[in-house]
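1. 3D model of this:
(chains A and B)
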Amino acid sequence: MAEDLVLDTAIRDWVLIPLSVVMVLIGILRYFVSKLMRSSTQPDPKIIKEGQVIIRARNLRAGANYIPAKSFRARKVYYSNEENGLLHVPKGQAQNPQAQMFSDPNMAMDMMKKNLSMIIPQTLTFAWVNFFFSGFVAAKIPFPLTQRFRTMLQNGIDLSTVDVSYVSSRSWYFLNLFGLRGLFSLILGEENATDDTQRMMQMSGFGFDPSKSLGAEKDGLDIIQHDWALPKFEQRAEAVLRKLVK
Amino acid sequence: MVTRTEEEEVNRLENQVENGGGGAWEYLCLVHKLKLRRSDLVLKHGLSILNDSKKRSALGPEEWTLYEQVAVAAMDCQSLDVAKDCIKVLQKKFPGSKRVGRLEAMLLEARGLWSEAENAYSSLLEENPFDQVVHKRRAAMAKAQGNTSAAIDWLNKYLDLFMADHEAWRELAEIYVSLQMYKQSAFCYEELILSQPTVPLYHLAYADVLYTLGGLENLQMAKKYYASTIDLTGGKSTRALFGICLCTSAIAQLSKGRSKEDKESSELQSLSAMALEKDYKQRAPSNLSVLSSTLRSLKI
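-> Modelled structure (predicted):
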């Protein structure tokens, strides 16, 4: 075990605290910039309608047994007939999201804006941290940790002899980057937090295709068997009343 | 839908607030959340908070939603000056906001300036064609003017896009009933039952419509839906009990002599008659004789 390193208090004053403050300030700045750049997008009526159709069809599937057979059949035809049913997607018309993106420059533009507001400040701060604070120990956490944490806490220091509880400045940057989410949601309000991790998730999940869920809903409707539940209710009502009269 | 615990909570808070026990803000929040229409109380207590600058600033950003809530309540109570003041404050705070624009249009509507309100709503819709509230206000305005066919048009247009909105379906169903267009209304009630299969209200209303439509098949269906209402309410719906009695005797009249199901169904009828009698004995003993003569005229 290496003997204890003594950290200069100037490091605390000139590295640790400034780094955190700068991260917070950049987060807030980024929030306002992205707010400025955000263009209010008009939702596509087709997409809204598709969403609503799906909800309604799902309701039909779930509650089919509560309406008479005639009404159910009429609705089923209305949703899933091959000519102009609401759930019917003509072949070939189903756009794949990639093509959709290229056909609609606004969408690509929006994505770009979102990405730019995320990537530019991140690269800049990373370069800044790298340039000024690379390769020295900025803090020490008050408890020992195992060797596995070395890559997390001592990014930028390639020394295996330093105790793992010392945090390098670059790692402090990363810890701030991902750990300040709670603070942002406190400062900027619940939903406004610039949430990097969530945004990354969104990006990977991009490419949801509504026509596919329409088709799935149609298949679900096609296989459903209508079994009117109401005749059973007469007996149940009798039982209820019998109990009540007694 | 408002559940029973929520209703109890509201009533408890309302009592407390009315008797000066505090908790006005919690009450207003709850009313807002459950979308209840207690405009007079909201107006009274909301104003008392808004007029007290200390209480008002304690709300933080919620202050503005309270202004909005009070403005709408004031319009409902025809205290248009109060509504105007609230809207002015909001206008100052959020110039050019569409949400405030909506309130202004509603104020015009409350004043009865129909064409101006209509213009305001259409310009709002031009900016954002998917504003559900504005669409609904338009239909409501047509209804308020007594122009039911226009209201139906607006609602149909709205439902063509937002077809999962059960409130609109319900409004449409009720308008159709008022115009005696029972088949259309039955369709709307089916839609409502589909979206919320466990709400007895829709089963009951659907049964009423089917009974009114008449015909053996519809009557039998109506009876089944009355039965499901009884099941869902635990036999507490007097209307459904009467409905069973009426349906059964109407079915018996229509299918004289050739029905085989009568025996099992008469059981339900006699049971509901008994339940009715019991209910009347408990709650309205003076009307018991009327009930028994009515039931007798139905040959029960």
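2. Give me the neighbour count for residue 79.
-> Since you didn't name a chain, this refers to chain A. 21 (other CB atoms under 10 Å in any protein chain shown). (Glycine included, C-beta is placed from N, CA and C.)
3. switch to chain B, that's the one I care about
-> B:Ser79, neighbours per other CB under 10 Å, totals 19.
4. Need the phi and psi values for it.
-> Geometry field for B:Ser79 lists phi and psi as phi -90, psi 80, criterion degrees, to the nearest 10.
5. how near is it to chain A?
-> 33 Å (CB to the nearest CB, to the nearest Å).
6. Do I have it right that that residue meets B:Leu43?
-> Yes: the pair B:Ser79 / B:Leu43 is scored as a contact, 6.6 Å apart, by CB atoms under 8 Å.
7. For the lengthiest helix in chain B, enumerate the helices and strands it packs against.
-> Longest helix in chain B by number of residues (criterion: DSSP state H): helix B:262-283. Applying 3 or more CB pairs under 8 Å, 6 or more residues apart in numbering or on different chains; DSSP states H and E, one finds that helix B:262-283 contacts helix A:230-245, helix B:216-233, helix B:238-254, helix B:288-297.
8. quick one, that helix and helix B:288-297 angle?
-> 170 degrees (axes from the mean of the first three to the mean of the last three CA atoms, to 10 degrees).
9. Give me every residue in chain B lying close to chain A.
-> B:128-130, B:161-164, B:187, B:190-191, B:193-195, B:197, B:221, B:223-228, B:230-231, B:234-235, B:244, B:265, B:267-268, B:271-272, B:274-275, B:278 (CB under 8 Å from any CB of the partner chain).
10. which of those residues count as buried?
-> B:162-164, B:187, B:190-191, B:193-195, B:197, B:221, B:223-228, B:230-231, B:235, B:244, B:265, B:267-268, B:271-272, B:274-275 (16 or more other CB atoms under 10 Å in any protein chain shown).
11. contact partners of the helix or strand bottoming out on mean pLDDT in chain B?
-> Lowest mean confidence among the helices and strands of chain B (mean pLDDT, DSSP states H and E): helix B:262-283, at a mean of 80. Contact with helix B:262-283 is made by A:234, A:237-238, A:241-242, A:244-245, B:223, B:227, B:230, B:235, B:238, B:241-242, B:244-245, B:248-249, B:251-252, B:287-288, B:291-292, B:295, B:300, as judged by CB atoms under 8 Å, 6 or more residues apart in numbering or on different chains.
12. mean confidence for the longest helix anywhere in chain A?
-> Ranked by residue count and defined by DSSP H, the top helix of chain A is helix A:105-133. Averaging pLDDT along helix A:105-133 yields 79.
13. That one packs against which elements?
-> Helix A:105-133 is packed against helix A:17-37, helix A:97-103, helix A:169-179, helix A:196-204, with contacts defined by 3+ CB pairs under 8 Å, 6+ apart.
14. The longest one close to chain B?
-> It stands for helix A:17-37. No: residues of helix A:17-37 contacting chain B under CB under 8 Å from any CB: none, with a closest distance of 15.4 Å.
15. Quick check: which ranges of the chain have low pLDDT?
-> Unless you meant another one, I'm taking chain A. A:1-3, A:38-42, A:90-105, A:107, A:189-211 (pLDDT under 70).
16. could you do chain B instead?
-> Residue ranges of chain B with pLDDT under 70: B:1, B:257-266, B:300.
17. Up against chain B, what does chain A have?
-> A:42-43, A:45, A:48-49, A:52-53, A:55-56, A:59-60, A:62-64, A:66-68, A:71, A:230-231, A:233-234, A:236-238, A:240-245.
18. any idea how far A:Leu36 lies from A:Ala229?
-> Using CB to CB, to the nearest Å, one obtains 55 Å as the distance from A:Leu36 to A:Ala229.
19. between those two, who's got more neighbours?
-> A:Ala229 (16 against 8).
20. I'd assumed A:His88 was in contact with A:Asn81.
-> Yes: counting by CB under 8 Å, A:His88 is a contact partner of A:Asn81 at 6.8 Å.
21. Just want to know which of those two has more residues nearby.
-> Using other CB under 10 Å, the more surrounded residue of A:Asn81 and A:His88 is A:His88, with 15 against 12.
22. which residues does the more buried one contact?
-> When the contact criterion is CB under 8 Å, 6+ apart, the partners of A:His88 are A:80-82, A:218.
23. Okay, and which of those map to helices?
-> Per DSSP H, the contacts of A:His88 map to helices at A:80, A:218.
24. Can you turn the buried subset of the contacts of A:His88 into a selection I can paste into PyMOL?
-> The buried subset of the contacts of A:His88, as determined by 16+ other CB under 10 Å, is captured in PyMOL by this line:
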select buried, chain A and resi 80+218
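25. for the contacts of A:His88, which one is nearest A:Met23?
-> Here the nearest of the contacts of A:His88 to A:Met23, counting by CB to CB, is A:Lys218; it sits at 49.5 Å.
26. so what's the closest one up against?
-> By CB under 8 Å, 6+ apart, A:Lys218 lies in contact with A:57, A:79-80, A:85, A:87-89.
27. I'd like the residues you listed laid out as JSON lines, including secondary structure and distance to B:Ala74.
-> Compiled in JSON lines, those are given as follows (DSSP: H, G, I helix; E, B strand; the rest coil; distance: CB to CB, whole Å):
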{"residue": "A:Ala57", "secondary structure": "helix", "distance to B:Ala74": "41"}
{"residue": "A:Tyr79", "secondary structure": "helix", "distance to B:Ala74": "44"}
{"residue": "A:Ser80", "secondary structure": "helix", "distance to B:Ala74": "48"}
{"residue": "A:Gly85", "secondary structure": "coil", "distance to B:Ala74": "47"}
{"residue": "A:Leu87", "secondary structure": "coil", "distance to B:Ala74": "45"}
{"residue": "A:His88", "secondary structure": "coil", "distance to B:Ala74": "49"}
{"residue": "A:Val89", "secondary structure": "coil", "distance to B:Ala74": "48"}
